[in-house]
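Student: predicted structure and sequence below. I'll ask about it afterward.
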Amino acid sequence: MRHNDISSTDSAQEFIERVVYIKRVSKVVKGGKRMRIAAGVIVGDGQGKVGLGHGKSEEVALAVRKAATRAKKNLTLIAVTGGTIPHLSTGKYCASKILLKPAPEGTGLIACPQVRSVLEAVGLKDVYTKSLGSTNAYNLSVATIRGLRKLRTPQEIAQIRNKPVEYLTRKAVKTDEKVEDNIN
């Protein structure tokens, strides 16, 4: 078995593919201009994995296929709690910034198309977002993935601090009790 072979479980896995952008690019050469098609594709499993790929070819279908295979190689795991994110997060790439904020159940995805495609591929259902800075499709997609990578679940934070998960929620309760004691 070769090192690059994909196992049977990976090939059976279904991925959500979203084309983020398709644009015509050109290269000036001695005989004139050489036209190509560039495509960006978001790939996710709908359960916390997402990847972004960029492909370039003479035909649209080939460019999209190249981008999708590259996106599958760049999958990253995202912390998802229910249908939303655990806490507020920001992502930045070049001049694009994105603000990601958890939303109550039933709100839906409040996002521009580039960010929405990333969030849908991850499997999120309720998130507020705000795009700040440049609205370039590729840069916004990368900024969104960077913002999602920063997310940590309460269990991860408790493990890093060597504390039980209840300590994180109990701390807020203790501060309220101290305030009441000072008032009396």
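Tutor: Nice, thanks for sending it over.
Student: what are the ranges of the helices in the chain?
Tutor: For the chain, applying DSSP state H gives helices covering 8-12, 60-73, 113-122, 137-149, 154-161, 165-183.
Student: residue contacts, the closest residue to Lys27 other than its chain neighbours?
Tutor: In this structure, Lys27 finds its nearest non-sequential neighbour in Arg34, 4.6 Å apart by Cβ to Cβ, 6 or more residues apart in numbering. Backbone N, C-alpha and C define where each C-beta goes, glycine included. By Cβ atoms under 8 Å, 6 or more residues apart in numbering, Arg34 lies in contact with Ser26, Lys27, Val28.
Student: got a winner among those for most neighbours?
Tutor: When neighbours are counted by other Cβ atoms under 10 Å, Ser26 leads the contacts of Arg34 with 10 neighbours.
Student: separation between Gly44 and Leu109?
Tutor: 13 Å (Cβ to Cβ, to the nearest Å).
Student: give me the common contacts of those two.
Tutor: Contact criterion Cβ under 8 Å, 6+ apart; residues shared by Gly44 and Leu109: Glu120.
Student: quick one: which of these two has more around it?
Tutor: Gly44 (27 against 19).
Student: what's the separation between the closest residue to the more buried one other than its chain neighbours and Ala39?
Tutor: Setting aside the residues directly before and after it, Gly44 is nearest to Ala121 in space (Cβ to Cβ, 6+ apart), at 2.7 Å. Relative to Ala39, Ala121 is positioned 15 Å away (criterion: Cβ to Cβ).
Student: mind listing what the residue nearest to Val165 when sequence neighbours are not counted touches?
Tutor: With Cβ to Cβ, 6+ apart as the criterion, Val165 has its nearest non-adjacent residue at 4.6 Å, and that residue is Ala158. Applying Cβ under 8 Å, 6+ apart to Ala158 gives the contacts Pro164, Val165, Tyr167, Leu168.
Student: how many neighbours does the third one have?
Tutor: Here the number of neighbours of Tyr167 (other Cβ under 10 Å) works out to 14.
Student: where does Ile78 land on pLDDT?
Tutor: Ile78 is assigned 92 on the pLDDT scale.
Student: and if you look at the one 4 residues further on?
Tutor: Among the per-residue scores, Gly82 shows a pLDDT of 84.
Student: then Asn74?
Tutor: Note for Asn74: predicted pLDDT of 92.
Student: correct me, but it touches Gly51?
Tutor: Yes - the pair formed by Asn74 and Gly51 meets the contact definition of Cβ atoms under 8 Å, at 4.1 Å.
Student: who's more crowded, these two?
Tutor: Higher neighbour count among Asn74 and Gly51: Gly51, with 21 against 13, using other Cβ under 10 Å.
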